Structures are given as C-alpha cells and as structure tokens.
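1. this one's structure only:
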RNA sequence: GCAAGAGUGGCGGAAUGGUAGACGCGAUGGUCUCAAACACCAUUGGUAGCAAUACCAUGUGGGUUCAAGUCCCAUCUCUUGCACCA
C-alpha cells in the first residue's frame, strides 16, 4: 500500500487525465448543476470553512454522477475589487500579478482536497475574455435606460478612499476596513434596481431557498405600504410631500419634520428667519456618522424652522415644521408628518420640544407614552367611530384621493445600485463622454475596454479613480462623431463580476456571446447553489436582479436563476471563538492534509456537525476521523472472494445504502458518516468479508473520502474505478429486520424488552410481554385498562 | 425593539410522537511493549444499591396524549439578521 500522500496524488492525476469530471453540454443523461460560491483568491489561502462547503458539494456531485447524471460542478475566481487591490497595495505588486499568484495557490489547495471540479471551465472575473462580457452586459443596462449617472451623497471611506454602496457601508462603517464612513457628494453610475423591488420579492416564490434566506431578502427590500400626502405651506405657493404608513392618524398630526438635507430649506432660505441656527444644525448632523445617526436614541435633536408653516390638509390647522436627523433623506420623501400620540419617535420629539399631543386612537395613556396599538378612532372627523387600523387607513386613503391631496403609495428600502467605484482594480465602465453627444457606449467590436498596464494603482486623495491620471488611456475619440472625447474612469463594483458568473460556466470559452442560447437552454437553472449566509441579502439580490433584467430583454430563459440556495455554517476555532489571525487560531487546510490526509480532513468536516450550523474546530475530532479511515484500510485484511452479501451483513448493508443515499441528498453528512462508522463496526466483527461487501463500503464512502476508497478498490481488484461506477442500490425488503427487540412499557415507563418476530400477531406479542418478570412485578394487583401494541416498535400496558 | 433559529452528558452531536444520549471525541481500567506511541478489549448521563433494579434527567412552568426532546400555551437565555424606514 502506498503512503497516503502518494495515493492522493495518484488519484488526483487519474481524475484529471481521464477527464471523468468534465461536464458535457450535450448529453442524453439528465443534467444537474451544482455551484459553490467562487472564492476571492486572497493572500491568506484557503480556509477550513472553504473545505466544508466544497467537500459537501463535491460529495453531492460525485454521488450524482455515479447515479447517472451529467453533472456540472465548476469553480472559478472572483478576483476584482477592493480585497485584491488592497492586497496588491500592501505587498507592492500589481493586482494582476497578485491575483495570478493567489489563484495558483488557491487552485493547488483545492486540488489537494480532491475536488471533482471540471477545471476546463475555470475562469477569473479579471480575465479580459470574461470581463468583456461583463462590460457588454452593462451596456445592455445602459441601452435600456437602466443605467444613469446621478449626483449622489455617497458613503465615502476616507481610509480606502472609495465610495461604498449602502450594502458595503452597512452599520455606518466600511465593510473592508471598519473605518467610519463619511458622506460625500459624487457623480455615480447607478443601476435602476429599485424598479425591480417588487419582482425581486415575487420571484422568491419560484425558488426553494431556505426560509431564512428568503426572509433576509424580503427584509432588505423592505416593502411598506401607506400613502403620500401633500401639506400646503402657508407662506408660499408650494407644498411639502410626506410619506406615511399611518394615514389613519392624520388628525393627530401636530408638527412636521424634514431631513436636514431636505431641498425645501435651501429653496426658501430667504423666508427662514433662523437660517444660522439651521445651518449649524445641518453641519452637526452631517458630521455625525451614519452609525450615530441611525442609532435609536430617546434624546431627539432638531430645530424649528421659523418662517415656514404647514397646513394640515384634513382640517386646515396650522402646524410647525422642524428639521431633525431622525428623518432620513433617502427614504420616502425625506419629510414626515408627526403624530406624537401614536408614534414613539414623534412622541419623544414632542415631549422634548413641548409640542401638543392629540390622541386619535383610544387604548393607551398618551400622558405616559405613544400608543401604537389598534383601537377606536376619536377626534378624527370622518374616521370617528371606526375601530380598526385597516378600515381607517382604507377610508382615509379614499378620502385623500377624492380631495386630491394624497394617494396610496408603496415604498421600498431597496435603493438603486451605486455601480461606480473610483478604483483601478475593476472592470472599466465602457462609456465615453463626448461634449456634443454626451455619454456614448463603446462599440461592441471595441470590447473589452482593457485596463491599462500602469505602475501607479494607489487611489487618489481627491476621490478620482487612478485611471483618471493616465491621459493616454483616458483620451479617445467619440465613437459617434469622432471628436476628441474622454473615457469614463470609474470601474464596476466587485459585485458585478459575480452577478452572472454561473451563466458563464455553462459556456466559458464562447468568444461570440456571453453564453450561447443552446447552453442556457441545456443547463437551465442552477440546481443547487451554496454560499455563505453573509451573501444571502446582497450578492443574491444583485445576481437575481441582473438575471431578471437579462430575462426581461430576452437574453436568458429563466427569470429566476437559482433553484435551491443553501448556506453552510461557519467553522469557529477550538473553544468556539472566531478564527482570526490575531488570535492565532487559524487552521490551515494544507497542514491538516499533511498530518491526517485529505480524506480524513474531508470526512471530519462532514462529520463535525449539522452542516448549516456553526461549529467549533477540534483537532482531536479530526484525528478520530483519521482513525476511522485507517480502520477502513485495515478491514481490507479480511477481504475474501465473493460477489454476494453474506447473511450476517445483508441487512445492515441495505440499510446503510438507504441511509447514506438519503442523507447525502439532504445534506445530513454527519449522520451519513456515522452510518458508515456503524457499518464498519459491524464488518469488523466478521471473520471475513466478501469483495462485494467491501466494495459497497468503499462506494458509499467514496463521495466523502474519494482517494483512499479508489485505492482500496484498485488494490483489492474489485472492479473499475469508483468514479466511473454506479452508485449502489438497496433492496427495501432487506432493510427490515425479522427479529427485533422492542420495549415493554407499563404506564409509559420502560420495564422490560422482548424479542419479537416481524410476523408475530398482537396477541402473541402481548402474551410475551405479560410474561416478563419485571412487567408482572409492575402490574401486580393492578387492573389492566388497556394494552397498546405498536407493531415493531413498542408495547405499552396501561394499568390502574 | 422586530424577525428568524437554537437550548439534550465533560465535549461535537443522534433521535418519522414510541427503549433519550446513536456515532465520534475525551476520560477510566485492562491487553500488547523494557517503556511509550499506535492498536485492541471493557466501562462511561446523575443519584442510590453488591446486584436485580428504582428514582431523576433534553433551559423553566403548564397542557394535550396510553406515550412528549419532538405537538400546543407561557416564560427565560443565547445566536444571527434587520433596525429613528415614517
């Protein structure tokens, strides 16, 4: 027997040379498409967390192939974007070079794990052959009016010197470096993602995502229904538009609040008497980080706008207008009607500024707190007497519409996608600005717009992309009129490349189209998509949005791209703390392979616990799996000729085939491994085992431990390589034991066990149970009320 | 605050309403060895008992049921999302 590392190399070479894992775009077999999110090839190398999800998908893919499917299981690299650029800046190498090196390391590591990846389909998002088509698809957005440039107050990370999407700046800190984000005004390319908000909610019904994933998406989209109402301003011929989900409380409005950035303030600054005070407040609010501003604080701040007064359209009452940073410019209309009696925030504000509080819904004590519950309407004109929110809202909306002062309105938290980055390491946005023609698309024949080869790739302080400095590259001619023009110097976010990569795997070398229609039709939807829970909201939304757009313009056959989406749990360090460089508890998969072998590592990561839950690493546990593998090897000493299952093992083998088959399909890898351990325990008790029996064990273990099982199959000359063999089938009739030990309960407590035969009738079982000494003891001098016999399971004697 | 998920031995974790703790780790004792490692055998939820066995035990309190870790109600704790979203 070869040493483990030799065995691993041998079979990895065999798999590669024989091309058994290459998927075919035309096949009579049924297709199945597995995908695990492609990694950022960071300098840190592969993490044991990668090993968990890769092994899981690999095991499923291997089994599916053995079951006769044409399986697509590709892998590639998501190498654009800030992480790669930061790494390059830090290590003073060109990102291209850094990416190449990192990919090499990653790929080697993945190969060492024995993944059944179809490497003929590998690509990186940074390959010009790939990003040509990313650019091409961006131009489709542009052509269809889905991309536009807008002055945007963007999240700006002063450390990374980069604009961030709301998603990248969640919580008010830069996702990459943790620096507090500032606000900066910048012209940015935007994609009209908010147009798709409703479709992105509806489309979830066509998916089999986990409930928690669907929920994350729905929350992120943040749909709410209510009304827009305009409030006239007394001093000028203008009105203030607000959004509310509670138009039923309109009679309870005692003031208005606008966001500090609200344009009304500048528009009427001449009429405002306390502009100094307001300006000071605005400055203070702007300095506050998003984090501070979005924190729920009881202590509200704000300034009354002196000189402007609003009029409540429902009762013509005059009410004051305030500015306060608890109202956000980027949601709704940036202005609200405040109903302190029935909204906590408005209540806090009113209390602090001594504003009237008018109750319009009965049920609470408004002298103590805002009442947000349901109840009878009071002080509410046309609504008086109504007793529930639903009716009140409906009636008020009808009323508003009739009088032309408001209408029903749905709002989404989901914003348009800020698609510009002032970075070097991204796909150049393929547009040219001409003084005469405006923004013009780069013609398809000129794609890709390649990144220039420069040495200066550090970001600039003024927030422009480093590309802006490269005049040779920037200066060009207008494709429309031929006059001198300038290239767009912004690049795409790294979410771009990952928003369609699963499509490219279907047809990765096509230089005529982003993917052929035949390939799209053949592979259809991605059947099983695995990725981190951290991507459940953003990546998944971007990807679905992108795909829905392609569908709407007729480029892909399915509106929803993914069938199943699953997320693996994180692997924590020993003791349950997060693995991190600073704690020094990061486990390198390479070291583990060296010490225990790739199969043991794979086996352990499958055995470690529930796949979807996070779990703590344990090297002793890994060693336990190595012992298991060693015992499987040693069992070979008992192998004798024979192509049948022996009587002793027939039952357990059939049961094991059934259990392992079902468990792998439902991602219960931990119990699949334990089933195999139990099977091994039984086999070890035998004096000899037949080749057929040993081969079945190897086949069942193969998806999880592919190298050693292939080797054992070869060493004991048990047949063709397992990866080219068919998955074992079980005989249902042989999974049932004829004799079984069942429990005998008296009043629900187990008092004895009896052996029963499958064919025993209830009367026989009952008699047998009643003869048990301990049972007799417990029913002595008591009356038997009834006897419950569940065949093959349990018998319960109820006594009084 | 809202939403989702989870609470089971020393640990990771098993249990279509039917013998709770499978399987593994660790631990204890033993075999092998000059010794150790490896391997193998045995024991291993708690309490009491020589034992048979009994009682207790799946966060807590109720309920449904012949039977509840599993179903229902309430409650506590933890984790993860989302969060001045009007």
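-> Sure thing, it's come through. Computed from a prediction, not measured in an experiment: that's the story for all the values here.

2. could you check the pLDDT of the residue of chain A at minimum distance from RNA strand B?
-> At 2.6 Å from RNA strand B, residue A:624 is the closest residue in chain A, using C-beta to the nearest atom of the strand. All C-beta atoms are positioned from the backbone trio N, CA, C, and that covers glycine. Turning to residue A:624, the model gives it a pLDDT of 95.

3. that one is in what secondary structure piece?
-> helix A:619-635 (DSSP states H and E).

4. next SSE downstream of that helix?
-> That would be, after helix A:619-635 and using DSSP H and E, strand A:639-640.

5. pull the residues that contact that next one.
-> A:688-691, A:694, A:716 (C-beta atoms under 8 Å, 6 or more residues apart in numbering).

6. next step: these restricted to helices.
-> A:691, A:694 (DSSP state H).

7. so which of the contacts of strand A:639-640 is surrounded by the most neighbours?
-> Highest neighbour count within the contacts of strand A:639-640: residue A:689, with 24 neighbours (other C-beta atoms under 10 Å).

8. let me know the secondary structure of the nearest residue in space to residue A:186 that is not next to it in sequence.
-> Spatial nearest neighbour of residue A:186, excluding adjacent residues (C-beta to C-beta, 6 or more residues apart in numbering): residue A:154 at 5.1 Å. Look at residue A:154: counting by DSSP: H, G, I helix; E, B strand; the rest coil, its state is strand.

9. ok, back up a step: show me what the helix holding residue A:624 packs onto, helices and strands only.
-> Counting by 3 or more C-beta pairs under 8 Å, 6 or more residues apart in numbering; DSSP states H and E, the packing neighbours recorded for helix A:619-635 are helix A:589-596, helix A:598-607, helix A:669-684, helix A:691-701, helix A:706-715.

10. same for the longest one, what does it pack against?
-> When contacts are defined as 3+ C-beta pairs under 8 Å, 6+ apart, helix A:669-684 sits against helix A:598-607, helix A:619-635, helix A:647-665, helix A:691-701.

11. tell me the most buried of these?
-> helix A:598-607 (a mean of 28; mean count of other C-beta atoms under 10 Å).

12. hmm, who's touching that helix?
-> A:4, A:8, A:48, A:51-52, A:55-56, A:58-59, A:112-114, A:571, A:589, A:592-593, A:596, A:621-622, A:624-626, A:628-629, A:669-670, A:672-674, A:704-709.

13. angle of that helix against helix A:647-665?
-> Here the directions of helix A:598-607 and helix A:647-665 differ by 70 degrees (axes from the mean of the first three to the mean of the last three C-alpha atoms, to 10 degrees).

14. after helix A:598-607 comes which helix or strand?
-> Downstream of helix A:598-607, the next assigned helix or strand under DSSP H and E is strand A:615-616.

15. what's stretch A:584-592 in contact with?
-> Counting contacts by C-beta under 8 Å, 6+ apart, the residues touching stretch A:584-592 from outside are A:44-48, A:50-51, A:109, A:112-113, A:573-574, A:577, A:579-580, A:601, A:617, A:619, A:622.

16. give me the buried entries from those.
-> A:45-48, A:50-51, A:109, A:112-113, A:573, A:579, A:601, A:617, A:622 (16 or more other C-beta atoms under 10 Å).

17. I'd like the helices and strands packed on helix A:669-684 laid out as JSON lines, including distance to residue A:193.
-> Putting the helices and strands packed on helix A:669-684 into JSON lines (distance: least, C-beta to C-beta, whole Å) gives the following:
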{"stretch": "helix A:598-607", "distance to residue A:193": "36"}
{"stretch": "helix A:619-635", "distance to residue A:193": "44"}
{"stretch": "helix A:647-665", "distance to residue A:193": "35"}
{"stretch": "helix A:691-701", "distance to residue A:193": "46"}
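
18. and residue A:655, what does it touch?
-> By C-beta under 8 Å, 6+ apart, the neighbours of residue A:655 are A:730, A:735.

19. before we move on, the earlier item: reformat the helices and strands packed on helix A:619-635 as a markdown table; add distance to residue A:160.
-> Formatted as a markdown table, those follow (distance: least, C-beta to C-beta, whole Å):
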| stretch | distance to residue A:160 |
| --- | --- |
| helix A:589-596 | 29 |
| helix A:598-607 | 34 |
| helix A:669-684 | 39 |
| helix A:691-701 | 47 |
| helix A:706-715 | 42 |
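
20. residue A:644 touches residue A:692, doesn't it?
-> Yes - between residue A:644 and residue A:692 there is a contact at 5.9 Å, judged by C-beta atoms under 8 Å.

21. backbone phi and psi for the most centrally placed residue in chain A, please?
-> Using C-alpha atoms, centre = their mean, the residue of chain A that lies closest to the mean C-alpha position is residue A:536, 1.9 Å off. Backbone torsions for residue A:536, taken as degrees, to the nearest 10, come to phi -60, psi -30.

22. and for residue A:409?
-> When read as degrees, to the nearest 10, the backbone of residue A:409 gives phi -150, psi 140.

23. kindly report the same for residue A:438.
-> Dihedral angles (degrees, to the nearest 10) for residue A:438: phi 80, psi -150.

24. check contacts around the closest residue in space to residue A:690 that isn't next to it in sequence.
-> Of all residues not flanking residue A:690 in the chain, residue A:642 sits nearest, at 3.1 Å (C-beta to C-beta, 6+ apart). Contacts here follow C-beta under 8 Å, 6+ apart; on that basis residue A:642 touches A:690-693.

25. picking up where we left off before, got CSV for the helices and strands packed on helix A:619-635, with mean pLDDT too?
-> Shown next, in CSV, are the helices and strands packed on helix A:619-635 (pLDDT from 0 to 100):
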stretch, mean pLDDT
helix A:589-596, 94
helix A:598-607, 96
helix A:669-684, 96
helix A:691-701, 97
helix A:706-715, 97
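
26. could those helices be laid out in a markdown table, adding distance to RNA strand B?
-> Formatted as a markdown table, those follow (distance: least, C-beta to the nearest atom of the strand, whole Å):
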| stretch | distance to RNA strand B |
| --- | --- |
| helix A:589-596 | 11 |
| helix A:598-607 | 7 |
| helix A:669-684 | 4 |
| helix A:691-701 | 13 |
| helix A:706-715 | 15 |
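
27. looking at those, which is closest to residue A:739?
-> Distance to residue A:739, taken as C-beta to C-beta, is lowest for helix A:669-684 among these, at 16.1 Å.

28. what angle separates that closest one from helix A:598-607?
-> With the same axes, to 10 degrees applied, the angle from helix A:669-684 to helix A:598-607 works out at 120 degrees.
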